[in-house]
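Participant: Would you be able to build a 3D model of this:
(2 chains)
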Amino acid sequence: MSEISAEQVAHLANLARIALTDEEIGHLTTELAQIMHAVEKVSEVATPDVPPTSHPIPMQNVYRDDVVGATVLSVDEALAGAPESDGSRFVVSAILGEEQ
Amino acid sequence: MARAELMDYDKALELFEPVIGLEVHVELNTTTKMFSPAPNPANSAYHGAEPNTLVSPVCLGLPGSLPVVNGDAVRSSISLGLALGCSIAPSSRFARKNYFYPDLAKNYQISQYDEPIAFEGSVEVELANGRVFDVPIERAHMEEDAGKLTHVGGSTGRIQGAEYSLVDYNRAGVPLVEIVTKPIFGAEADAPELAKAYVSTIRDIALSLGISEARMERGNLRCDANVSLRPRGAEQLGIRTETKNVNSFRSIERAVRYEIQRQAAILAKGGSITQETRHWHEDTGTTSPGRPKSDADDYRYFPEPDLLPVVPSAELIDKLRAALPEAPAAHRRRLKAQWGFTDLEFQDVANSGLLVELEETVKAGATPAAARKWWTGEIARLANAAGVDAASLVAPVHVAELAQLVDSGSLTDRLARQVLEGVVAGEGSPQQIVDIRGLAVVSDDGALIAAIDEALASQPDVLAKIRDGKVQAAGAVIGAVMKAMHGKADAARVRELVLERASAPVE
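Facilitator: From the prediction side, this is the model:
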C-alpha cells in the first residue's frame, strides 16, 4: 500500500498553483490516500502478462494534412474569453522567476 | 548582481575536465502547427504576424478542442532523426509534461517522454583546426513550442520586478524537434568551440533537409548548454548547470567558456555547484541563476490520452532515408577538394556561412577562386555596410556572370565593382548594367595607344624618367590614360602599352 504524506500534498498543490490551508492539506491527504488505494486495486488484476495500455482503442498513425484549417480565430475571437487583454495580447499577472 | 569570480581558462582546463551536453530545439517550417491547423509562424510565409492571429482553439487550450498530429511534421522529424544517424522507433507516443505557466494555455506541453521518435545517433562535427568529433546523440523527440511572454513594468523585459505579462500564443503549438546529446567527453579546451560547431552542423542539416528556416535570430534554432566539470582523475561527473537563452552561435561558445571558468573558480575554493538553469546575458557576457532544475517527477509526465501512437512503416522510413541529402561534413570535404582551397580559405568561406552561395556561383560558371573573391570580398563588404546577410544582396547566378565578364576581359575589377553596385541596387543583370551604363572595358589598343601617346607627349619629364629605367614613373601616365578612358580600361594592359610606347624610337 503506498501512502501519501502531507508534504507531498503541499508540494503537488504548489506545482498546481493551488493555495491550500493546513486544514485543507490535512483532509486532502486522507482523501487522496483513499483514491490511491482504490486505484491500486487495478494492480490486483494486472498480472505481468498484461501489457500497460495507454490507449484502449487499437488505432495508430492518425494524421491530418498540413493545410491551414477553418478553425483559425481572429484576434477578437481569440481574446473573447480573456479576463483582461491589451487588444492584441492576453494580460496575466506577473509571475516571478519561473520561466520554463 | 555581483559579478561571479572566474578562473583563468587555461588554469581551469589544467585542474578540471569539462563535460558538455547540448539540447537543441529545431522549429519545423511546416505550413501548420504540430497539433492544430493554425498557420505556423516558423514558416517564413507567416513570420512576423500580429499577436494572436495564428491561433485556433487547440492553441488556446479551449475546452473541447482536441489535437490532431500534423503528418508532415512527423515525416520531417523522422528525416531529421535519420540525418542525425538515429534509429527510428518502430512505435513512439506523445506524453504530457505538466507545468503551470501562462506560455501554454492548457497547463501542459505535449511532448514525448519514454518513447521518443528517434534515439541513439551520432553527428560528425568539424572544428576550425580540422579536429573531427563524433557527437553522440541520445534522442530526438517531437513536441510543441510555447507562446511568447512579454514582461511589462519594473525593469522592462526582465522577469524580476515585472508587474504584468502579455501573452501571444502565435508560437504555441509550433512543431519542435528537441535533439539531446549524450554527455560529450574529450573536447577539453575545444569544448566551447565544439558546442558552437555542433549547433552550426545541426543548422546545416536542417537547412539541407529543408525542414526548418533554422535562423537563430528568429528562434528557429535554440540551444541550451549543459556544462559540468570534474577534477582531473575523478570518475564521477560533476554537478551540471544548464544555460538557456543562448541565441547566437557566438554566444554558445562564450556561454560554455564562461561556465567552465565560473564553475572552476567555485570548485577550486572547495565550493559546490548548484544544479540549476542559468540565463545567458548577451550584453554582459555572463550567466545568472534561474530556477532550480525541476525533477522530471515534478512534471508528472503521462501518456497523452488525446493522441494515438506514431508507428512509421519500414517503407516510409526507407523512403525518407533514400531521400536524405549528403551529410554536411561530407559535403564540406567534397567541396573543399573540388575547389582546391587551402584550409584557411575554406574556413573563411565556411565561417561566413557562404558555402551554399559559393557552390551555386561555381555551378553557374564562375571559377571557385573568383566566386570566393567576390563573396568574401566586395559582397561581404557591401552587406556589412548595409547590415544585412551577404546572401540576401545578390543572386549567385549574377555573381557568376560578373566573374565571367572579368575573366573575359570585358570588365576590370574596378568596373565590376560598379556593376555589382548596380546589381545590388536592382538595376538588372551584370550584362544589362554594362550595356545600360556603358561600362565595358575599352579593349581597342588603337584607342589606348592614342591616349598614351598624348599623355607621354604632355609629360616629357615622365617619358625621360621611364627611358632612364625608372619604370615606376609610368604610374603618372597610366593614371592620365585611365582618366581619359573614364576608368574603362584594363590598367595592366595600359601599363604594358605605356612601357612599349615609351621605349619606342622617338618619331
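
Participant: Now the residue of the stretch 51-200 of chain B found nearest chain A: closest residue in space that isn't a chain neighbour?
Facilitator: Proximity of the stretch 51-200 of chain B to chain A (Cβ to the nearest Cβ) peaks at residue B:71, 3.3 Å away. The C-beta positions use only the backbone N, C-alpha and C, and glycine is treated the same way. For residue B:71, ignoring the flanking residues on the chain, the nearest one in space by Cβ to Cβ, 6 or more residues apart in numbering or on different chains is residue A:63 at 3.3 Å.

Participant: which stretch of helix or strand covers residue A:60?
Facilitator: In this structure, residue A:60 sits in neither a helix nor a strand according to DSSP states H and E.

Participant: tell me the pLDDT at it?
Facilitator: For residue A:60, the model assigns a pLDDT of 94.

Participant: Assign the residue of the stretch 351-500 of chain B at minimum distance from chain A to helix, strand or coil.
Facilitator: Proximity of the stretch 351-500 of chain B to chain A (Cβ to the nearest Cβ) peaks at residue B:356, 25.3 Å away. Three-state call for residue B:356 (DSSP: H, G, I helix; E, B strand; the rest coil): helix.

Participant: Check residue B:142 too.
Facilitator: Quick answer, by three-state DSSP: residue B:142 is strand.

Participant: May I see the buried residues of the strand of greatest length in chain A?
Facilitator: Secondary structure of chain A per DSSP state E: the longest strand is strand A:90-93. Neighbour-count burial for strand A:90-93, counted by 16 or more other Cβ atoms under 10 Å in any protein chain shown, picks out A:90, A:91, A:92.

Participant: Check stretch B:214-227 too.
Facilitator: B:214, B:215, B:216, B:219, B:220, B:221, B:222, B:223, B:224, B:225, B:226, B:227.

Participant: residues touching residue B:88, list them.
Facilitator: Contacts for residue B:88 (Cβ atoms under 8 Å, 6 or more residues apart in numbering or on different chains) come out as B:78, B:81, B:82, B:117, B:118, B:312, B:317.

Participant: Next secondary structure element downstream of the lowest-mean-pLDDT helix or strand in chain A?
Facilitator: None of the helices or strands of chain A scores lower by mean pLDDT, DSSP states H and E than helix A:42-45, at a mean of 82. Sequence order places strand A:63-64 as the next helix or strand after helix A:42-45, per DSSP H and E.

Participant: quick check: mean pLDDT across that following strand?
Facilitator: On average, strand A:63-64 scores 97.

Participant: Give me the contacts around that strand.
Facilitator: B:37, B:68, B:69, B:70, B:71, B:74.

Participant: Just want the phi and psi numbers for the closest residue to chain A within the stretch 201-350 of chain B.
Facilitator: Using Cβ to the nearest Cβ, residue B:303 is the residue of the stretch 201-350 of chain B that sits closest to chain A, at 3.5 Å. Per-residue torsions, residue B:303: phi -60, psi 130 (degrees, to the nearest 10).

Participant: quick one: pLDDT of the closest residue in space to it that isn't next to it in sequence?
Facilitator: Spatial nearest neighbour of residue B:303, excluding adjacent residues (Cβ to Cβ, 6+ apart): residue A:54 at 3.5 Å. The confidence metric pLDDT takes the value 81 at residue A:54.

Participant: list the contacts for residue A:54?
Facilitator: Contacts of residue A:54 (Cβ under 8 Å, 6+ apart): B:93, B:303, B:305.

Participant: contacting residues around the residue nearest the centre of chain A?
Facilitator: Residue closest to the average C-alpha location in chain A (Cα atoms, centre = their mean): residue A:16, at 8.1 Å. Counting by Cβ under 8 Å, 6+ apart, residue A:16 touches residue B:100.

Participant: Please name the nearest non-neighbouring residue to the closest residue to chain A within chain B.
Facilitator: Taking Cβ to the nearest Cβ, chain A has its nearest neighbour within chain B at residue B:37, 2.8 Å off. In this structure, residue B:37 finds its nearest non-sequential neighbour in residue A:69, 2.8 Å apart by Cβ to Cβ, 6+ apart.

Participant: Check residue B:371 too.
Facilitator: Of all residues not flanking residue B:371 in the chain, residue B:361 sits nearest, at 4.0 Å (Cβ to Cβ, 6+ apart).

Participant: I figured that neighbour hits residue B:375, correct?
Facilitator: Yes. Assessed by Cβ atoms under 8 Å, residue B:361 is found in contact with residue B:375 at 7.0 Å.

Participant: which stretches of the chain have low pLDDT?
Facilitator: No chain was given, so I picked chain A. Along chain A, the model assigns pLDDT under 70 to residues A:1-2, A:95-100.

Participant: Chain B is the one I meant
Facilitator: Ranges of chain B meeting pLDDT under 70: B:1-2, B:154-162, B:291-294, B:505-507.

Participant: can you rerun that using 50?
Facilitator: Filtered on pLDDT under 50, chain B yields the residue ranges B:507.

Participant: what's the domain layout of it?
Facilitator: B:9-298, B:327-437, B:445-502 (automatic domain parsing).

Participant: got the residues of the stretch 251-400 of chain B near chain A?
Facilitator: B:290, B:291, B:298, B:300, B:303, B:305, B:307, B:308, B:309, B:310, B:311, B:312 (Cβ under 8 Å from any Cβ of the partner chain).
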